[in-house]
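# mind looking at a prediction? Sequence and model below.
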Amino acid sequence: MKRSFIISCVLVLMCCLLAACGANSNSGANTGNDAAGTGGSNAQKEVTIKLYQQKVEIAEQLKVLKAEYEKTHPGVKIEIESVLSSQYGTKLKAKLAANEMPDIFNNGGYSDMDVWADHLEDLTDQPWVSDAVDSAKAPMMKDGKLYGFPLSLEGSGLVYNKDMFAKAGITELPKTLSELEEASKKLKAQGYTPFVNDYASVWDLGITIFDSFMAKVPDTDKFIADLNSGAATFAGNDVFKGLPKYLDIAMKNGNPNPLTTDYNTSMTMFATGQGAMIPAGNWIQPLVDKINPNIQAGLMPMPVSDDADFNKNAVFTSPTVWVVNKNSPVKEQAKEFLNWLVTSDIGKQYVAKEFKLVPAFKSIKADPADVGSIGADLTKFSEEGNSLPMQASKMPEGLYTEIAQSMQKYVAGKSTPDQMLAEFQASWNKLKK
Amino acid sequence: MGNNRASINMHPVLERSSKLERGSSVKRWITSQWMQQAFFVGPAILFYSIVIAIPFFFGIYYSMTSWDGVSGNAVWVGLNNFSTIFLKDPEFGQSFWFTTRFTLTAVILNNVIGFALAYLLSLPLKSRSAIRTIFFLPNVLGGLVLGFIWQFILVQGFPGIGKLTHLSFFTLPWLGTEATAYWALIIVSVWQGAGYLMVIYIAGLANVPKDLIEASVIDGAGKWQILKNIIIPLIMPTVTVCLFISISWTFKMFDLNYSLTSGGPYGSTESVAMNIYNEAFGNNRYGLGTAKALIFFVAVTFITLIQVKLTKSREVEM
């Protein structure tokens, strides 16, 4: 009697458990159907748009924006998750494997777009398309269709502390590698550390610095094609001869232990005046402002050679792109949200003022006071036409990590310039498709 | 139980009444041996196959494709991935060599320190349970958290102490060079693992019969002789378990590696698990990654089998 009673109790409990699981998945499917049925209009049931993005710099502002949107759009909830760029890709793949794909996520364009092609919603018919800047749309165009929403334009090079430069008596920004070394000497004479080197971050080495050289190669697309076919090599390229020289100058005039200095530490160091220059872009503005609101930072091209004219247009721009998951049950709501972001007054205000981003839309004008001093410099460079497109996303997947490791090896004194370039080549050959 | 006894006492003719028959056959089915086993082991088998067995066989399939982990179609490439690993991927060999070196050092230190702690803490000390807890505590923290804490200690804390004391140990560029990153990993993994092994060794030591030790003391054996000739042979089964656990731990180390050094500087401390992870998720070559994982699986199985066989042969039956 007793035993059968216990067995039946356990069975009942298990049934409850199973039923609960079943009910859960059912309700999930229901909201999906509802959302698809009612389209973009206010759905009866509450829907949740999952936004998974890699700009940790705007994580706080996004939370406020989310509250604004939920206020005016009853029934729609936004769930935001922000993750550092260096971890973003792998975590997104983990989400895909776990069948928890977000509704809106980041994409790097070009080869990254090809990888995720099966998951991208065609956005060509969206109302904001004609307003977006062409150069920002380029990485996300395929067969005449647009697959991404460019949130902002970004530019990178060397971010510098204007006050320190003024105090050290540097009136002309260094345009060549020798001038960079001169400027470093002047900064050192004032007791400043010229460079903040965060070489623990593979992102900054493999993308910010490496791309400054890659994009300077004349006819980059041909160079990439030649690298793939074996007709060109890194060692045989003139531009890349400057890379070890730049690293030498930065190491000689940099902070101690660059190989254990990571992104967050380097931000604190730059913002608190423990260094005058850092390879970065306008995306660091909100972080730096938070640590030290009084800092006057500027952006300059990273010199790659001793030819001043060759170095003048070396601020690299690339858009931050959000894409919509094609297989999402709430993709209509997701598109509606993106549209709201760049057409409504509140949305526009956030894009231009609160995010401190340089907008990628013609109708949203960025005020230098809002986008910060780095963003203002970037706007100046891109308006003068002195900018080049970023190349990172045209390169083989995972290349930047290996490139960064080869560069770490070089700055640690474990390889020669020739060996470093040979390692670049080996990594490229290994990873090319 | 009462029911069963009743049915035995009942007259066979009475028992054949049809209603009773049906009821008891259902009951018999529910309480049968097979049903009981299915009930208690079934859920475990179900989850084991969903979480481990089925993905494992999927893995074998993917290791023979060039799948990128994202797209809808995986192209069959046969054994190409394996030849790429053996012929064109020196990094995999390097990370294997690093992992082997690391495992050797970490396993020896882990077990020596774990045993020493256990031996000292089985002495009649006043505060021994408190000390045992303290040594076991690091094991309660997860590897990821531990890695980030130690990264802070090594990168920020040590130079701070170094500035005050001028001890060269603290002013080393921790995590910045190959050697310091290697030893930092060893220090943290021993700090984390020794306490756990200590608990197992304490249990082993408690099982050594007191009369044997008393007899040896009467025979005039010293402390070292007792340890070497009586205690260690008698706790060989525990040594087998501890070696097995620590070898498979350190060989498969990932979370600590990921959070403490991320394989750096310049990939010199990249464990095999991390190399696999980077290949599959960083380089978008999922097929190649699973092929590496398969090789790794075979290697780990092989090594632990040898170890169990070796230490088993040294066990003493009482």
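Noted; the coordinates are in hand.

# so where does A:Thr401 fall, helix or strand?
Following DSSP states H and E, one finds A:Thr401 within helix A:399-411.

# which pLDDT value belongs to A:Pro417?
At A:Pro417, the predicted lDDT confidence score is 93.

# nearest residue to it other than its sequence neighbours?
A:Pro244 (3.7 Å; C-beta to C-beta, 6 or more residues apart in numbering or on different chains). Placement of C-beta: from N, CA and C, glycine included.

# report the separation between the one you found and chain B.
As judged by C-beta to the nearest C-beta, to the nearest Å, A:Pro244 and chain B stand 15 Å apart.

# next, that residue: secondary structure please.
Three-state call for A:Pro244 (DSSP: H, G, I helix; E, B strand; the rest coil): helix.

# center of chain B, which residue is that?
Chain B has B:Trp249 as the residue nearest its centroid, 3.7 Å off, counting by C-alpha atoms, centre = their mean.

# right, is the helix holding A:Thr401 up against chain B?
Yes - judged by C-beta under 8 Å from any C-beta of the partner chain, helix A:399-411 comes into contact with chain B at A:401, A:405-406, A:408-409.

# save these as JSON lines, and put in neighbour count and pLDDT too.
As requested, the residues of helix A:399-411 next to chain B are arranged in JSON lines below (neighbours: other C-beta atoms under 10 Å in any protein chain shown; pLDDT from 0 to 100):
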{"residue": "A:Thr401", "neighbour count": "23", "pLDDT": "88"}
{"residue": "A:Gln405", "neighbour count": "23", "pLDDT": "90"}
{"residue": "A:Ser406", "neighbour count": "25", "pLDDT": "93"}
{"residue": "A:Gln408", "neighbour count": "25", "pLDDT": "92"}
{"residue": "A:Lys409", "neighbour count": "20", "pLDDT": "91"}
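
# point out where the chain drops to low pLDDT.
No chain was given, so I picked chain A. Counting by pLDDT under 70, chain A shows low-confidence ranges at A:1-44, A:313-316.

# my bad, the chain I had in mind was chain B
Residue ranges of chain B with pLDDT under 70: B:1-23, B:316-318.

# up against chain B, what does the stretch 151-300 of chain A have?
With C-beta under 8 Å from any C-beta as the criterion, the stretch 151-300 of chain A meets chain B at residues A:200, A:256-257, A:259-260, A:265.

# among the residues you listed, which two are most distant?
Using C-beta to C-beta, these span at most 12.9 Å, a distance reached by A:Ala200 and A:Pro256.

# higher neighbour count, these two?
A:Ala200 (26 against 11; other C-beta atoms under 10 Å in any protein chain shown).

# can you report phi and psi for that one?
phi -80, psi -20 (degrees, to the nearest 10).

# let me see the domain layout of the chain.
By default, I'm working from chain A. Following automatic domain parsing, chain A resolves into domains at A:42-153+A:319-370, A:154-317+A:371-431.

# sorry, should have said chain B
For chain B, automatic domain parsing gives the domain ranges B:2-62, B:81-312.

# out of these, which gets nearest to chain A?
If you check each of the domains of chain B against chain A by C-beta to the nearest C-beta, domain B:81-312 wins as the nearest, at 3.2 Å.

# touching, A:Gly111 and A:Ala392? I think so.
No, residue A:111 isn't Gly; it's Ser. No - using C-beta atoms under 8 Å, A:Ser111 makes no contact with A:Ala392, being 9.5 Å away.

# could the residues of the stretch 151-300 of chain A next to chain B be laid out in CSV, adding distance to A:Lys145 and secondary structure?
CSV is the format used below for those (distance: C-beta to C-beta, whole Å; DSSP: H, G, I helix; E, B strand; the rest coil):
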residue, distance to A:Lys145, secondary structure
A:Ala200, 40, coil
A:Pro256, 50, coil
A:Asn257, 48, coil
A:Leu259, 44, helix
A:Thr260, 45, helix
A:Thr265, 42, helix
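
# distance to A:Lys142 for those - can I get that in TSV?
Formatted as TSV, those follow (distance: C-beta to C-beta, whole Å):
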residue	distance to A:Lys142
A:Ala200	36
A:Pro256	47
A:Asn257	44
A:Leu259	39
A:Thr260	41
A:Thr265	39
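
# okay, strands next: where are they in chain A?
Along chain A, the segments classed as strands by DSSP state E run A:47-53, A:76-82, A:104-107, A:141-142, A:145-146, A:149-161, A:277-281, A:297-300, A:315-324, A:358-359, A:387-389.

# nearest to B:Gln94, out of these?
B:Gln94 lies closest to strand A:277-281 among the strands of chain A, at 28.2 Å (C-beta to C-beta).

# counting contacts, what elements does that closest one pack onto?
strand A:149-161, helix A:263-271 (3 or more C-beta pairs under 8 Å, 6 or more residues apart in numbering or on different chains; DSSP states H and E).

# quick check: angle from the last one to strand A:149-161?
Here helix A:263-271 runs at an angle of 50 degrees relative to strand A:149-161 (axes from the mean of the first three to the mean of the last three C-alpha atoms, to 10 degrees).

# for helix A:263-271, which positions count as buried?
Applying a neighbour-count criterion of 16 or more other C-beta atoms under 10 Å in any protein chain shown, one finds A:263, A:265-267, A:269-271 buried in helix A:263-271.

# same question, the first one
Along strand A:149-161, these residues count as buried under the neighbour rule (16+ other C-beta under 10 Å): A:149-161.
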